[in-house]
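Novice: give me a 3D structure for the following:
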Amino acid sequence: MMAKIMFKTILVAVDGSPGSHKALDVAVGLQASCKSDVIVLTVYRHHSLLEASMSMVRPEDPLLPDESMRDHAKEIAEKAKSSAIEAGSEAVRAFVKVGPPARTIVKFAEEHDADMIVVGSRGLGDVEGFLLGSVSHKITSLAQCPVLVV
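Specialist: Reported below is the predicted structural model:
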């Protein structure tokens with residue numbers, strides 16, 4: 001007889017990319033069969049003052065890069081939470097963190113006792129995104145819990 005695998009808390013990392021949308025769909029599907037909680041996490045990188053001074057600032061939107069990225073990350077996380085709810089998720093929370101993506105995701109998973117991390121195989125890329133292409137690979141090597149790469 002096969003044992004049924006149960007996850008109490010599933011962390012899904014989202015960055016707005018098609019891969020993270022697929023990861024969210026998988027996490028919500030797992031949630032339905034495991035009756036687990038889903039935590040949506042969006043991570044953005046901190047930009048140094050040098051990067052901020054060299055960035056193009058739009059006159060109509062004079063936010064510093066970190067503020068702008070944080071606001072954008074909040075939008076992505078909230079949109080993912082709404083999508084999960086629309087797909088039938090009953091227990092979903094969304095968070096935004098700043099830091100190196102892979103390490104921040106793994107640390108957050110540990111702090112919230114996540115039983116599984118679900119992540120897209122590819123993020124948006126260095127110029128556009130929050131989760132860089134090799135993040136999924138780094139997460140698999142750092143995480144103490146199972147990682148599902150979609």
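Novice: now do the helices in this protein.
Specialist: For the chain, the helices defined by DSSP state H occupy 18-34, 49-54, 65-86, 101-111, 135-142.
Novice: where among those is the average confidence lowest?
Specialist: Sorting the helices of the chain by mean pLDDT places helix 49-54 lowest, at a mean of 51.
Novice: chain neighbours aside, what residue packs nearest to Pro100?
Specialist: With sequence-adjacent residues excluded and distances taken as Cβ to Cβ, 6 or more residues apart in numbering, Pro100 is closest to Arg45, at 7.1 Å. Quick note: C-beta positions are derived from backbone N, CA and C, even for glycine.
Novice: that older thread, which one, of the helices of the chain, ends up nearest to Leu148?
Specialist: helix 18-34 (6.7 Å; Cβ to Cβ).
Novice: show me which positions of that closest one end up buried.
Specialist: 19-21, 23-28, 30-31, 34 (16 or more other Cβ atoms under 10 Å).
Novice: swap in stretch 96-110?
Specialist: Buried, per 16+ other Cβ under 10 Å, within stretch 96-110: 96-98, 101-102, 104-106, 108-109.
Novice: columns distance to Ala84 on top of those residues, output as a markdown table?
Specialist: Converted to a markdown table, the buried residues of stretch 96-110 look like this (distance: Cβ to Cβ, whole Å):
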| residue | distance to Ala84 |
| --- | --- |
| Val96 | 15 |
| Lys97 | 18 |
| Val98 | 22 |
| Pro101 | 20 |
| Ala102 | 22 |
| Thr104 | 20 |
| Ile105 | 17 |
| Val106 | 21 |
| Phe108 | 17 |
| Ala109 | 17 |
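Novice: circling back to that earlier point, just give me the closest of the buried residues of helix 18-34 to Met116.
Specialist: Leu30 (7.4 Å).
Novice: show the contacting residues for the closest residue to Lys74 other than its chain neighbours.
Specialist: Nearest residue to Lys74 in three dimensions, chain neighbours excluded: Val96, at 5.3 Å (Cβ to Cβ, 6+ apart). Val96 makes contact with 41-44, 70, 73-74, 77 under the criterion Cβ atoms under 8 Å, 6 or more residues apart in numbering.
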